[in-house]
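**Q** quick one: sequence plus predicted model below, questions after.
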Amino acid sequence: MTPENIRKQAFSMPITNPSYPKGPYRFVNREYMIITYRTDPEKLRAVVPEPLEVTEPVMKFEFIRMPDSTGFGDYTESGQVIPVSFNGQKGGYVHSMYLNDDAPIAGGREIWGFPKKLAEPSLRTEKNALIGTLDAGTLRVANGSMGYKHKELEKQSAEQSLAAANFLLKIMPHVDCTPRICELVRYYMTDITVKGAWEGPGGLELFDHALAPVAKLPVLEVLSAVHIVADLTLGLGEVVHDYLAS
């Protein structure tokens with residue numbers, strides 16, 4: 001394998017058998033339950049990297065079913081997103097993500113810098129409620145619920161929320177464990193088709209876990225719960241701040 005061949009093939013590891021294909025990545029019938037809650041403002045500011053700014057003391061806890069995704073297959077994800085501002089642009093900082101499939105863990109971390117870890121999330125309908133759970137091993141980490149399709153939302157409003165900017169802290173270590181890449185990355189969802197959007201009463205419980213510390217940003221008050229089904233493309237990212245250059 002020549003250096004030229006290595007450069008041509010070097011988009012993922014292992015080089016002769018990557019965990020995922022090259023993007024872009026299309027998601028069909030991607031289903032969200034997003035519970036927005038008020039949390040401790042000081043604890044929130046302590047985990048948001050500058051130059052991002054916290055706009056209000058709220059969090060979004062997301063449960064996401066992805067039954068049909070290019071290159072990644074069928075999996076479920078859960079995590080926390082913090083509303084932020086970057087140079088006046090509003091968006092969301094992805095603070096934590098937990099999912100049950102190797103390929104999107106590898107791809108998400110390597111390409112964009114998604115903070116993905118292996119766990120067991122689920123999203124399902126139980127009678128008249130939408131139920132989301134997150135387990136780390138045998139321990140329950142989160143319980144989320146909302147009334148099933150209580151009130152229809154405008155699809156345009158749901159599309160705008162999905163199309164907003166998202167931010168990630170991408171870290172790639174050197175062989176001596178010092179940071180070789182440490183960047184703030186921005187990405188967008190594109191080609192969005194919202195098939196349905198609803199709101200209803202919501203509930204959220206978070207539990208302590210040493211390796212899945214979602215409860216460190218505690219639930220003080222549930223503010224809203226939204227259910228969205230959409231087709232969309234996960235766009236590739238751009239570097240908006242290099243921490244090693246400053």
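**A** That came through, no problem.
**Q** and the strand or helix carrying Ile131, what's buried?
**A** Using DSSP states H and E, the secondary-structure element containing Ile131 is strand 129-136. In terms of neighbour count (16 or more other CB atoms under 10 Å), strand 129-136 has its buried residues at 130-136. Heads up, the C-betas are built off the backbone N, CA and C, glycines and all.
**Q** what of stretch 176-192?
**A** Residues of stretch 176-192 classed as buried: 182-189, 192 (neighbour count, 16+ other CB under 10 Å).
**Q** in helices, which of these fall?
**A** Counting by DSSP state H, no part of these is found in helices.
**Q** turn those residues into TSV, including distance to Tyr243.
**A** Putting those into TSV (distance: CB to CB, whole Å) gives the following:
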residue	distance to Tyr243
Cys182	4
Glu183	7
Leu184	7
Val185	11
Arg186	14
Tyr187	18
Tyr188	22
Met189	25
Ile192	31
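**Q** what's near enough to touch Ala230?
**A** By CB atoms under 8 Å, 6 or more residues apart in numbering, the residues touching Ala230 are 27, 30, 32, 158-159, 162, 192-195.
**Q** and it, what element?
**A** With secondary structure defined by DSSP H and E, Ala230 is part of strand 221-234.
**Q** what lines up beside that strand in the sheet?
**A** Note on strand 221-234: by DSSP bridges, its sheet partners are strand 25-38 (antiparallel), strand 189-199 (antiparallel).
**Q** and that strand, average pLDDT?
**A** This predicted structure assigns strand 221-234 an average pLDDT of 98.
**Q** okay, angle between that strand and strand 129-136 too, please.
**A** Direction vectors for strand 221-234 and strand 129-136, defined by axes from the mean of the first three to the mean of the last three CA atoms, to 10 degrees, enclose an angle of 80 degrees.
**Q** is Ile82 in contact with Val54, as I believe?
**A** Yes - at 6.9 Å, Ile82 and Val54 qualify as touching, with contact defined as CB atoms under 8 Å.
**Q** who's more crowded, those two?
**A** Taking other CB atoms under 10 Å, Ile82 and Val54 do not tie; Ile82 has more neighbours (25 against 17).
**Q** what sits against the closest residue to that one other than its chain neighbours?
**A** Closest residue in space to Ile82, ignoring its immediate chain neighbours: Tyr93 at 4.6 Å, by CB to CB, 6 or more residues apart in numbering. Contact analysis of Tyr93 by CB under 8 Å, 6+ apart lists 48-49, 52, 81-84, 166-168.
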